[in-house]
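Asker: This is the structure alone, sequence omitted:
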C-alpha cells in the first residue's frame, strides 16, 4: 500500500499550495488535477479560520437543533443517518451529514439555527470554497484554451460529514466505501487521517497539514474533457482507534440548465442527466 506522507507532498511545486486569494497562479494545481486527478492547496487565513470553526463545532449542535434544521426534501440541513450510501456498494456511509446550499440561503434565514455563530462560519466556509473551486475550474478551462464560463454556485454545495466513534461498524473496512463523486471537482478538508485515494488503482493514504485542503476530480469533468481527465476514486478507511472524525467537503457542480462545449472535441452536450443520475445514486434527490 502506497503512503503519500507530508514529506513527499512537501516536494510538490510551491504554487501547488498557493492560496486562491493570494494572487499567485493556480495553473500548477490545475495541471495536477488534469494529469493526476488531485492537488493539495493551502487555505488562506480567513478560509482556514471558518473551515476549522466548522470542523470543531459541528458536533456540539444539540439533537433538538438538528431535528429542527433538517430539510430532506432539498438534501440540506442535518440529514438522517444512513441517508447517503456508496453508489457502487449501497453500503450506507457511517456518518451524519449537514449540507449547506447557497441557493437555499433565503429559506435558511427563517430558522433560529441560521442566527447561530456556527451557521455564519458554515456560510463563510462555503463562500471561500466556492471561490477556490471556481478559480480552479477557470484555470483548467484556460489550460484547454476554452473561453466558456462555468458558473458553479447555483448547484454546488458544502457538506459536513460527522463520523462519530459510535458509528464505527467493526464489520466494515471503510466508513465510506470506494467511490468517485460524479461532480466536476471535490474539495476535502478532514480533521483526522483516514482519507485514501486510489492512485493507479492502489490505495494511498493522504495526510494533510492543518492549513491544507485536497482537490480531486469527478466524472462530470471526465465527460467535459472528452475522457482525458479521469475521476479520482477515494474512500474513508475505518481508523484503528475509535475517534470522532469530521470532514468538510465542497461539491463543485455547474449550472445544469444549459449545455456545454467539451474541451477537446468541442461537442455541445448536456450534462444534467449525468449529474442527476450520479447524485441520486448516492441516495440523494435530483439536483434539478
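Answerer: Structure received. None of these values were measured; they are calculated from a predicted model.
Asker: can we go C-alpha only for contacts and neighbour counts from here?
Answerer: Fine.
Asker: Quick check: nearest residue in space to residue 265, chain neighbours excluded?
Answerer: For residue 265, ignoring the flanking residues on the chain, the nearest one in space by Cα to Cα, 6 or more residues apart in numbering is residue 226 at 6.6 Å.
Asker: In the stretch 1-150 of the chain, where is pLDDT below threshold?
Answerer: 1-24 (pLDDT under 70).
Asker: What ranges does it have for its helices?
Answerer: 6-10, 27-36, 45-57, 63-68, 105-108, 117-143 (DSSP state H, counting those that start in this stretch).
Asker: Same list, those, but as TSV with mean neighbour count please.
Answerer: Listed next are the helices of the stretch 1-150 of the chain as TSV, based on neighbours: other Cα atoms under 10 Å:
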stretch	mean neighbour count
helix 6-10	12
helix 27-36	20
helix 45-57	18
helix 63-68	12
helix 105-108	12
helix 117-143	20
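Asker: Tell me which of these sits nearest to residue 186.
Answerer: helix 117-143 (8.1 Å; Cα to Cα).
Asker: quick one: contacts for residue 143?
Answerer: Neighbour list for residue 143: 27, 31 [criterion: Cα atoms under 8 Å, 6 or more residues apart in numbering].
Asker: Check the nearest residue to residue 181 once chain neighbours are set aside and give its pLDDT.
Answerer: Take residue 181 and drop its neighbours on the chain: the residue closest to it by Cα to Cα, 6+ apart is residue 218, 5.6 Å away. At residue 218, the model reports a pLDDT of 97.
Asker: quick one: residue 218 from residue 74, how far?
Answerer: Residue 218 sits 22 Å away from residue 74, going by Cα to Cα, to the nearest Å.
Asker: Please say which of the two ends up with more neighbours.
Answerer: Ranked by neighbour count (other Cα atoms under 10 Å), residue 218 and residue 74 place residue 218 first, with 24 against 15.
Asker: any idea how far the more buried one lies from residue 146?
Answerer: 19 Å.
Asker: ok, now residue 60?
Answerer: Counting by Cα to Cα, the separation of residue 60 from residue 146 is 45 Å.
Asker: Which of the two has more residues huddled nearby?
Answerer: Neighbour totals were compared for residue 60 and residue 146, and residue 146 leads with 16 against 8 (other Cα under 10 Å).
Asker: separation between the more buried one and residue 260?
Answerer: With Cα to Cα as the criterion, residue 146 and residue 260 are 11 Å apart.
Asker: cool, and residue 218?
Answerer: Remark: distance between residue 218 and residue 260 (Cα to Cα) = 16 Å.
Asker: residues contacting residue 270?
Answerer: Residues near residue 270 by Cα under 8 Å, 6+ apart: 256, 258, 259, 260.
Asker: Got the phi and psi for it?
Answerer: Backbone torsions of residue 270, given as degrees, to the nearest 10, read phi -100, psi 140.
Asker: start the count at 764, not 1, going forward
Answerer: With the count now opening at 764, the last piece we talked about shows up as residue 1033.
Asker: Please report the confidence value the model assigns to it.
Answerer: For residue 1033, pLDDT reads 97.
Asker: Just list whatever residues bridge to the nearest residue to residue 795 once chain neighbours are set aside.
Answerer: Distances taken as Cα to Cα, 6+ apart put residue 802 closest to residue 795, at 5.7 Å, once the chain neighbours are dropped. Residues in a beta bridge with residue 802, per DSSP bridges, are residue 978.
Asker: in this protein, which spans are strands?
Answerer: Counting by DSSP state E, the chain has strands at residues 801-805, 833-834, 839-842, 859-863, 920-926, 937-942, 948-953, 958-962, 965-968, 975-980, 997-1000, 1008-1015, 1023-1024, 1031-1032.
Asker: now those strands as JSON lines including mean neighbour count and distance to residue 1045?
Answerer: Output for the strands of the chain, formatted as JSON lines (neighbours: other Cα atoms under 10 Å; distance: least, Cα to Cα, whole Å):
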{"stretch": "strand 801-805", "mean neighbour count": "23", "distance to residue 1045": "22"}
{"stretch": "strand 833-834", "mean neighbour count": "16", "distance to residue 1045": "17"}
{"stretch": "strand 839-842", "mean neighbour count": "21", "distance to residue 1045": "13"}
{"stretch": "strand 859-863", "mean neighbour count": "22", "distance to residue 1045": "13"}
{"stretch": "strand 920-926", "mean neighbour count": "23", "distance to residue 1045": "14"}
{"stretch": "strand 937-942", "mean neighbour count": "22", "distance to residue 1045": "10"}
{"stretch": "strand 948-953", "mean neighbour count": "24", "distance to residue 1045": "15"}
{"stretch": "strand 958-962", "mean neighbour count": "20", "distance to residue 1045": "18"}
{"stretch": "strand 965-968", "mean neighbour count": "18", "distance to residue 1045": "22"}
{"stretch": "strand 975-980", "mean neighbour count": "23", "distance to residue 1045": "17"}
{"stretch": "strand 997-1000", "mean neighbour count": "20", "distance to residue 1045": "14"}
{"stretch": "strand 1008-1015", "mean neighbour count": "24", "distance to residue 1045": "13"}
{"stretch": "strand 1023-1024", "mean neighbour count": "18", "distance to residue 1045": "24"}
{"stretch": "strand 1031-1032", "mean neighbour count": "12", "distance to residue 1045": "24"}
